[in-house]
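Colleague: task: produce atomic coordinates for the following.
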Amino acid sequence: MATDMRLGLNLGYWQRNAVDSTDLVLAAERLGYDSVWTAEAYGSDAFTPLAWYGARTSRIKLGTSVAQIAARPPVTTAMTAMTLDHLTGGRLLLGIGASGPQVVEGWYGVPFPRPLARTREYAEIMRKVWRREGPVTSDGPHYPLPYPGGAGLGKPLKLITHPLRPEIPLYLGAEGPKNVALAAEIADGWLPLFTFPEKIEQMYGEALAAARPGFDVAAMVHVIITDDLRAALDAVKMTLTLYIGGMGAKSRNFHADIIGRMGYAEVAEEIQSHYLAGRREEAFRAVPDELADGIALLGPVGRIRERLEPWRKSPVTNLLVMGPRDEESLRAIRDLVLG
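Modeller: Got it, this is the predicted structure:
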């Protein structure tokens, strides 16, 4: 059960247009938010916006939620993280994730199979880079160093720069129980995308059992303060429609899988079938209100205050709020969560 819950702002990735959220980030820092997070899919990258915001702030932590491991070799991510951590005075929180086969193989052009083994190997190499205990080598099958081929001249190398912190906090974006268990085993935190607080113990209690003390469950959650509950529910349902229906292949959609584990397997299948057949309106209507309400914080202040109680009783230690676009909303959410 969470006791002292922290509060972060999750900006996600850019949609159709480039968005500079500096004013919102500055407001979050003034209001005492602990962290701000950016993401990437196949548009904006996760690190460049953080560097931009980091140059304009002084205290708020800076997180990637998440940087895709297929986008960069592990040493590249390690160098980028080390550089950004130095420039921002040790404020980086590095979240990484495997993404899915459509993006990994279709966008990055690298193989997706064995994502857990790849993630483990990736994390081990990054930590070798930061610790600078010797030239970095790896005999793993996914990221062998030196490369066993090519010109045959690969040389084990050691990071030139001394990291500000040899242990940059590492988070994993994970949805399946095995991936969550991996996060609990090797990482400092877990970044769940969809969280139903009343169900998280049932779904992931066993996977989280091995987590070390201080393990951070930093859950992303839509928060919409409004008197129009119907409009707020519909906004979350639109997001669920896209992720369940279209963010993954019919045979392998991790977002649909997690909704199934919440007890909505038939619903997820119906949404996906409608969406992939081009029936977007039918897919939207198939999303239950109770699902949208369960994974979000919606409605008037009093209703959100009541809905926060299951989150406080859950393993979630950090709420990364999505949706607010003005200082007034940020202040109201802060007062609800931290007040």
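Colleague: can you tell me the element L233 falls in?
Modeller: helix 229-246 (DSSP states H and E).
Colleague: what lies in contact with that helix?
Modeller: Under the criterion C-beta atoms under 8 Å, 6 or more residues apart in numbering, residues 193-194, 222, 224, 226, 253, 255-256, 259, 268, 271-272, 274-276, 280, 283-284, 287, 289, 291-293, 295-296, 298-300, 303, 323 lie in contact with helix 229-246. C-betas here are computed from N, CA, C, even on glycine.
Colleague: hmm, try it at 6 Å
Modeller: 222, 224, 226, 255-256, 259, 268, 271-272, 275, 283-284, 287, 289, 292, 296, 298-299 (C-beta atoms under 6 Å, 6 or more residues apart in numbering).
Colleague: just the buried ones from those?
Modeller: 222, 224, 226, 255-256, 259, 268, 271-272, 275, 283-284, 287, 292, 296, 298-299 (16 or more other C-beta atoms under 10 Å).
Colleague: wait, a helix at W52?
Modeller: Yes - according to DSSP: H, G, I helix; E, B strand; the rest coil, W52 belongs to a helix.
Colleague: from G109, how far out is H274?
Modeller: 31 Å (C-beta to C-beta, to the nearest Å).
Colleague: more crowded one of those two?
Modeller: H274 (19 against 8; other C-beta atoms under 10 Å).
Colleague: may I have the helix or strand encompassing that one as PDB, with CA atoms only?
Modeller: Assigning secondary structure by DSSP H and E places H274 in helix 265-276. Only the C-alpha atoms of helix 265-276 are listed here, as PDB (Å, rounded to 0.1, in the frame of the first residue of the first chain):
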ATOM      1  CA  ALA A 265     -11.300 -10.000 -22.600                       C
ATOM      2  CA  GLU A 266     -14.500 -10.300 -24.600                       C
ATOM      3  CA  VAL A 267     -14.900  -6.500 -24.700                       C
ATOM      4  CA  ALA A 268     -11.300  -6.100 -25.900                       C
ATOM      5  CA  GLU A 269     -11.800  -8.600 -28.700                       C
ATOM      6  CA  GLU A 270     -15.000  -6.800 -29.800                       C
ATOM      7  CA  ILE A 271     -13.300  -3.400 -29.800                       C
ATOM      8  CA  GLN A 272     -10.300  -4.800 -31.800                       C
ATOM      9  CA  SER A 273     -12.600  -6.500 -34.300                       C
ATOM     10  CA  HIS A 274     -14.600  -3.300 -34.900                       C
ATOM     11  CA  TYR A 275     -11.500  -1.100 -35.100                       C
ATOM     12  CA  LEU A 276      -9.500  -3.200 -37.500                       C
END
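Colleague: what residues sit buried inside the helix or strand that that helix is followed by?
Modeller: Note on helix 265-276: by DSSP H and E, the next helix or strand toward the C-terminus is helix 280-286. Within helix 280-286, the residues scored as buried using 16+ other C-beta under 10 Å are 283-284, 286.
Colleague: so which helix or strand takes in the closest residue to P74 other than its chain neighbours?
Modeller: Distances taken as C-beta to C-beta, 6 or more residues apart in numbering place I125 nearest to P74, at 4.0 Å, with adjacent residues excluded. Using DSSP H and E, I125 sits within helix 115-131.
Colleague: ok, now D20?
Modeller: Using DSSP H and E, D20 falls outside every helix and strand.
Colleague: excluding sequence neighbours, find me the nearest residue to it.
Modeller: W52 (7.4 Å).
Colleague: list of residues touching the helix holding H274?
Modeller: Counting by C-beta under 6 Å, 6+ apart, 244-246, 250, 256, 259-260, 282-283, 286 sit against helix 265-276.
Colleague: among these, which has the minimum pLDDT value?
Modeller: Among the contacts of helix 265-276, K250 carries the weakest pLDDT, at 77.
Colleague: wait, what's in contact with it?
Modeller: Contacts were defined as C-beta under 6 Å, 6+ apart; by that measure K250 touches L276.
Colleague: can you pull out the helices in the stretch 51-200 of the chain?
Modeller: 74-87, 101-106, 115-131, 177-186, 200-208 (DSSP state H, counting those that start in this stretch).
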